[in-house]
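*Asks:* generate a structure from the sequence data that follows.
(one chain, ligands or ions: 1)
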Amino acid sequence: MALKFPNALLFFFFFFFVFSTIAPGSYEDPTRRTMEEFSGYPFHSSHPIFSLSPVNLESLQKQFDELANFSDTPAPSVTRILFTENDVLARGYIKELMGKAGLSVREDAVGNIFGRWTGSDPELGAVATGSHIDAIPYSGKYDGVVGVLGALEAINVLKRSGFQPKRSLEVILFTSEEPTRFGISCLGSRLLAGSEALVNGIKESVDDQNTSFFDAAKSAGYVVSEENLSTVILEKGSYFSFLELHIEQGPLLEEEGVSIGIVTAIAAPASIKVEFEGNGGHAGAVLMPERNDAGLAAAELALAVEKHVLETGSMDSVGTVGIIVLHPGAINSIPSKSHIEIDTRDIDEKRRDGIVEKIHQSSIDIAKRRGVKLSEFRIVNQDPPAKCDHLIINALEVAVRQLNLSHKMMISRAYHDSLFMARVSPMGMIFIPCYKGYSHKPEEYASIEDIANGVNVLALTLAQLSLE
Ligand SMILES: [Zn+2]
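*Replies:* Here you go, the predicted structure:
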């Protein structure tokens with residue numbers, strides 16, 4: 001994204017027009033100075049004024065409220081599971097908004113929805129933004145939705161402002177970010193990014209009613225089969241850049257009173273399932289030296305996970321044992337079987353994989369020492385983390401400075417569709433504050449003012465990237 005001369009000129013004029021009304025008075029912007037120096041064109045206050053049209057707060061809030069009505073559970077909770085009736089209705093609602101925004105709408109075989117504003121140079125890779133609208137049971141109305149409705153409003157803001165994109169701008173609604181129905185998270189974006197393993201995984205996927213992915217998609221009006229599944233995969237260079245606007249899902253921005261988080265990297269999890277088998281026995285009759293307690297093996301492994309994570313010395317390494325199930329689960333019975341599930345994340349893939357290896361070694365050692373059998377050690381998934389593109393980060397910094405918004409650099413500890421889009425496009429993410437960091441529950445909330453800040457940052461960044 002190095003500035004070439006004619007682009008720099010366009011860029012300079014655009015920024016001058018846009019920001020001459022946004023950042024009035026004494027605020028002196030260092031970026032504008034840099035652009036002046038670079039372009040060699042001095043700043044003239046006699047240029048015609050082009051102002052960034054304000055976000056329509058009322059209509060945007062109304063859209064959040066209306067979309068939340070497509071839910072299987074009563075308000076304020078939202079439950080919207082892939083390819084259910086409410087999901088289909090919500091998809092229709094978004095397609096209608098795309099149409100109203102003047103975008104040309106296309107859907108792929110698995111129901112990823114694309115709304116495109118064709119630029120003056122349609123041959124160039126497009127600048128895309130988007131997120132998801134599916135919601136886990138009893139969650140809220142902002143996770144994902146901010147990045148879809150917000151993206152559409154960013155397009156509307158640019159249109160109302162008279163902006164003309166050079167690269168096409170595109171809003172994407174990703175299918176099934178949440179793993180609720182088929183156990184596969186980020187299904188749409190993973191497929192777009194070309195995961196061959198997933199192509200096979202989808203063929204075998206059934207939900208808890210034994211409905212196959214193909215049949216569920218069919219009931220939602222999509223024609224997808226083994227044959228056309230690979231048509232979803234994006235061609236290389238389809239996108240010049242990808243951006244996602246999202247609620248933070250953590251408390252930092254709100255606690256620190258900061259308006260915008262610019263994400264620098266997305267941590268990625270590895271999930272592991274482990275099972276130990278011992279002899280079991282009566283809690284009174286079997287004496288301590290005679291025991292092969294599968295439950296204690298699980299407990300020891302849980303502590304080993306914590307130890308290995310802390311040993312890295314990095315705040316970015318985390319590990320969680322969220323599930324321990326003991327069999328037979330009676331107070332007077334020595335556990336004969338234990339099942340543990342482990343989630344470990346990091347922004348450094350090598351470090352994260354090092355933790356996984358140590359957990360594996362500990363499982364073997366614990367089993368040996370305690371005389372139990374390590375009957376399963378399965379790495380369920382091990383996705384690579386993603387770094388945000390530094391040129392997109394720069395563009396975001398220019399935008400927040402121009403809008404005079406406070407911001408901080410941060411890491412996304414949760415993962416998003418962006419993690420997978422990063423495999424096929426330079427990627428960036430914008431976080432906005434959410435109430436107490438709540439997410440995935442009905443109390444999830446982001447104020448319309450905070451959302452509007454995110455929309456403005458997104459609009460300006462899309463505009464910058466589109467002119468590159
Ligand atoms: Zn989300």
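*Asks:* distance of the residue of the stretch 1-150 of the chain at minimum distance from the ion from V455?
*Replies:* Nearest to the ion in the stretch 1-150 of the chain, going by C-beta to the ion, is G144, at a distance of 3.9 Å. To be clear about C-beta, it is placed using only N, CA and C from the backbone, and glycine gets the same treatment. Remark: distance between G144 and V455 (C-beta to C-beta, to the nearest Å) = 15 Å.
*Asks:* could you do N404 as well?
*Replies:* 15 Å.
*Asks:* in the stretch 251-400 of the chain, what residue is nearest the ion?
*Replies:* In the stretch 251-400 of the chain, the residue that lies nearest the ion is I266 (11.8 Å; C-beta to the ion).
*Asks:* run a quick neighbour tally on that residue.
*Replies:* Around I266 there are 26 other residues, counting by other C-beta atoms under 10 Å.
*Asks:* how about the stretch 151-300 of the chain: which residue is closest to the ion?
*Replies:* Using C-beta to the ion, the closest approach of the stretch 151-300 of the chain to the ion is made by E177 at 5.5 Å.
*Asks:* tell me the secondary structure for that residue?
*Replies:* Following DSSP: H, G, I helix; E, B strand; the rest coil, the label given to E177 is coil.
*Asks:* what pairs with the residue lying closest to it once chain neighbours are set aside across the strands?
*Replies:* Among residues not flanking E177 along the chain, H132 sits closest, at 3.5 Å (C-beta to C-beta, 6 or more residues apart in numbering). Under DSSP bridges, the beta-bridge partners of H132 are F174.
*Asks:* show me the contacts for the residue nearest the centre of the chain.
*Replies:* Taking C-alpha atoms, centre = their mean, the centroid of the chain lies closest to H416, which sits 1.7 Å from it. H416 is in contact with 131, 177, 186, 244, 246, 266, 429, counting by C-beta atoms under 8 Å, 6 or more residues apart in numbering.
*Asks:* how much space separates the first one from E177?
*Replies:* Here the criterion is C-beta to C-beta. By it, S131 lies 7 Å from E177.
*Asks:* now the common contact residues for the two.
*Replies:* With C-beta under 8 Å, 6+ apart, S131 and E177 have common neighbours 144, 416-417.
*Asks:* let me know the closest of these to L310.
*Replies:* H416 (26.6 Å; C-beta to C-beta).
*Asks:* pLDDT score for the closest one?
*Replies:* Here the pLDDT value assigned to H416 is 95.
*Asks:* please enumerate the strands of the stretch 51-200 of the chain.
*Replies:* 78-80, 104-107, 113-117, 126-132, 135-139, 169-174 (DSSP state E, counting those that start in this stretch).
*Asks:* for the longest one, name the packing helices and strands.
*Replies:* What it means is strand 126-132. Applying 3 or more C-beta pairs under 8 Å, 6 or more residues apart in numbering; DSSP states H and E, one finds that strand 126-132 contacts helix 145-160, strand 169-174, strand 239-247, helix 417-421, helix 448-466.
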